[in-house]
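Student: model the structure of this input:
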Amino acid sequence: MDFTLQAQDPHSQARAGELQTAHGTIQTPIFMPVGTVGSVKAVPQQQLKDEVNAQIILGNTYHLYLRPGTDILEQAGGLHKFMGWDKPILTDSGGYQVFSLSGQRKLSEEGALFQSHIDGSRHMFSSETVIDIQRKIGADIIMAFDECPPYPSDYAYAKKSMELTHRWLARCVKRMSETECAYGYEQSLFPIIQGSTFKELRKISSEFIASMECDGNAIGGLSVGEPEDMMYEMCGLCCEALPTTKPRYLMGVGTPWNILECIALGVDMFDCVMPTRNGRNGMLFTTKGIINIKNKKWATDFSPIDDGLACHSSNFYSKAYLRHLFVANELLALNIASIQNLSFYLHLVAQAREHILLGDFKTWKDQIIPTLKHRL
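Tutor: All right, here's what the predicted structure looks like:
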């Protein structure tokens, strides 16, 4: 994997770059749609390419390991072939699922013993098994195994958790060096910074992660309930300590304005379930602001969903029609709303990239954020 830094905004830390992978080029900053089980919910792969313009998507180790399982994925030739997606894939290691399933797991130095949410069966994730599983999935970018501490955490717990994550990382790096991809192309490991909301721990973790000299670096443990200002502060601290020559990935963030503010801090890559999850519940992100399409006010609005986007669906269907589909519980509503939100997110980061290249990103960001937050 090769990362080229192409430009930096003169009035912020925002960067434009290009990431070369075995399955294609990614232009940063980029948003990555979440396809947890090998599917971005309600959106076919062809629409991800043709309408959303997705350059990379996510899969999840925990979910794919449980279903369909690595045996089936290996027989298919990896997740790319299994799901019919020929662009890059990043897999989350399952660390966040370990965090979210706190009532069904037990942590130890070895790893995480957990119960399947599907059938209650017991499984062990360790640094080694998580790397092996992601190798078999065939991801272009593999995430290191980590523990994501909850918010709020006390200092002692956050420190202990961070140190465990660092020890697990050292084992992940070793396992990567000992193994090869099952499908004959390069895979890259991204370690994950932890430390909760403690400046000292975030600095220590950032420096440790940077010292591993992996192909890219990730910032984890944010957007888990902490205030926005605190998230920005921790994100900025991490970016300051990370090398400028490697891509930076902020995990699980967030709203359109969160993404722009964190681009300004130096982040290159983002993912979040928000555009699809909120879309399936009738919340639309548009170039003019936020719409709750279920509101009666849209019942006779026959204007396009979002004429600020070039996306076909956003211009082809009216607000009134989409509201009707939601009220009637028609499945097409979920597809149209998800396409709208994902298209908007990809449009937004593409615009951010253009303004970084032009050198006026900060001015543009400060002007557009009030519109993004406005509820129509």
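Student: ok, then the element right after the worst-scoring helix or strand of the chain on mean pLDDT?
Tutor: Within the chain, no helix or strand scores below helix 95-100, which has a mean of 71 by mean pLDDT, DSSP states H and E. Heading C-terminal from helix 95-100, the first helix or strand you meet, by DSSP states H and E, is strand 105-107.
Student: give the buried residues for the following helix or strand past that next one.
Tutor: Sequence order places strand 111-115 as the next helix or strand after strand 105-107, per DSSP H and E. Neighbour counts over strand 111-115 (16 or more other Cβ atoms under 10 Å) mark 111-114 as buried. Bear in mind the C-beta positions are built from the backbone N, C-alpha and C, glycine included.
Student: also stretch 79-95?
Tutor: 79-80, 82-83, 85, 87-95.
Student: which residue packs closest to residue 55, ignoring adjacent ones?
Tutor: residue 26 (4.8 Å; Cβ to Cβ, 6 or more residues apart in numbering).
Student: got a list of contacts for the host helix or strand of that neighbour?
Tutor: Secondary structure assigned from DSSP H and E places residue 26 in strand 24-28. Strand 24-28 is contacted from outside by 15-20, 55-56, 86-88, 247, 268-269, 350, 353, using Cβ atoms under 8 Å, 6 or more residues apart in numbering.
Student: hmm, 7 Å instead?
Tutor: 16-19, 55-56, 87-88, 247, 268-269, 353 (Cβ atoms under 7 Å, 6 or more residues apart in numbering).
Student: can you name the two of those residues that are farthest apart?
Tutor: 16 and 87 (19.5 Å; Cβ to Cβ).
Student: quick one, what contacts residue 14?
Tutor: Taking Cβ under 7 Å, 6+ apart as the test, what residue 14 contacts is 8, 263-264, 356, 361.
Student: how about residue 340?
Tutor: Per Cβ under 7 Å, 6+ apart, neighbours of residue 340: 279, 284, 305-306, 313-314.
Student: picking that back up, narrow the contacts of residue 14 to those in strands?
Tutor: Mapping the contacts of residue 14 onto strands (DSSP state E) picks out residue 8.
Student: residue 190 and residue 12: what is the separation?
Tutor: Here the criterion is Cβ to Cβ, to the nearest Å. By it, residue 190 lies 23 Å from residue 12.
Student: closest one to residue 175 out of the buried residues of stretch 79-95, please.
Tutor: Lowest distance from residue 175 to the buried residues of stretch 79-95 (Cβ to Cβ) belongs to residue 93, with 11.8 Å.
Student: I'd guessed the closest one sits against residue 144; true?
Tutor: Yes. With contacts counted by Cβ atoms under 7 Å, residue 93 reaches residue 144, the gap being 6.2 Å.
Student: and what about residue 5, helix, strand or coil?
Tutor: Secondary structure for residue 5, judged by DSSP: H, G, I helix; E, B strand; the rest coil, is strand.
Student: how far away is it from residue 16?
Tutor: For residue 5 relative to residue 16 (Cβ to Cβ), the value is 8 Å.
Student: more neighbours: these two, which one.
Tutor: Shown here are residue 5 and residue 16; by other Cβ atoms under 10 Å, residue 16 has more neighbours (23 against 15).
Student: next, the buried residues of the one helix or strand that one maps to.
Tutor: Assigned by DSSP H and E, residue 16 belongs to strand 15-21. By 16+ other Cβ under 10 Å, the buried positions in strand 15-21 come out as 15-17, 19, 21.
Student: packing partners for it?
Tutor: Counting contacts by 3 or more Cβ pairs under 7 Å, 6 or more residues apart in numbering; DSSP states H and E, strand 15-21 packs against strand 2-8, strand 24-28, helix 332-358.
Student: ok, that strand: who's next to it in the sheet?
Tutor: strand 2-8 (antiparallel), strand 24-28 (antiparallel) (DSSP bridges).
Student: what's the first helix or strand after the shortest one?
Tutor: Okay, so that is strand 24-28. strand 30-32.
Student: for residue 89, list each beta-bridge partner.
Tutor: Under the criterion used (DSSP bridges), residue 89 bridges to residue 57.
Student: strands along the stretch 151-300 of the chain, start to end?
Tutor: Per DSSP state E, counting those that start in this stretch, the stretch 151-300 of the chain carries strands over the ranges 188-190, 192-193, 217-219, 248-250, 269-271, 283-286, 289-292.
Student: in the sheet, which strands lie alongside the fifth one, parallel or antiparallel?
Tutor: Read that as strand 269-271. For strand 269-271, pairing defined by DSSP bridges yields strand 30-32 (parallel), strand 248-250 (parallel).
Student: so what touches the first one?
Tutor: Right, strand 30-32. Outside strand 30-32, the residues that reach it (Cβ under 7 Å, 6+ apart) are 55-58, 90, 259, 269-271, 345-346, 349.
Student: switch the cut-off to 6 Å
Tutor: Residues outside strand 30-32 that contact it (Cβ atoms under 6 Å, 6 or more residues apart in numbering) are 55-58, 269-271, 345-346, 349.
Student: immediately after that strand, which helix or strand?
Tutor: Heading C-terminal from strand 30-32 (DSSP H and E), you reach helix 45-47.
Student: on that earlier part again, quick one, which of residue 190 and residue 12 is more surrounded?
Tutor: residue 190 (25 against 18).
Student: quick check: the more buried one vs residue 249, distance?
Tutor: 6 Å.
Student: same check on residue 45?
Tutor: 22 Å.
Student: re the thing from before, please work out which of the helices and strands packed on strand 15-21 is packed deepest.
Tutor: By mean neighbour count, with neighbours taken as mean count of other Cβ atoms under 10 Å, helix 332-358 ranks first of the helices and strands packed on strand 15-21 at a mean of 22.
Student: pick out the residue nearest the middle of this protein.
Tutor: residue 271 (1.9 Å; Cα atoms, centre = their mean).
Student: counting neighbours, what do you get for the spatially closest residue to that residue that is not a sequence neighbour?
Tutor: Nearest residue to residue 271, sequence neighbours excluded (Cβ to Cβ, 6+ apart): residue 32, at 4.3 Å. The tally of other residues near residue 32 (other Cβ under 10 Å) stands at 24.
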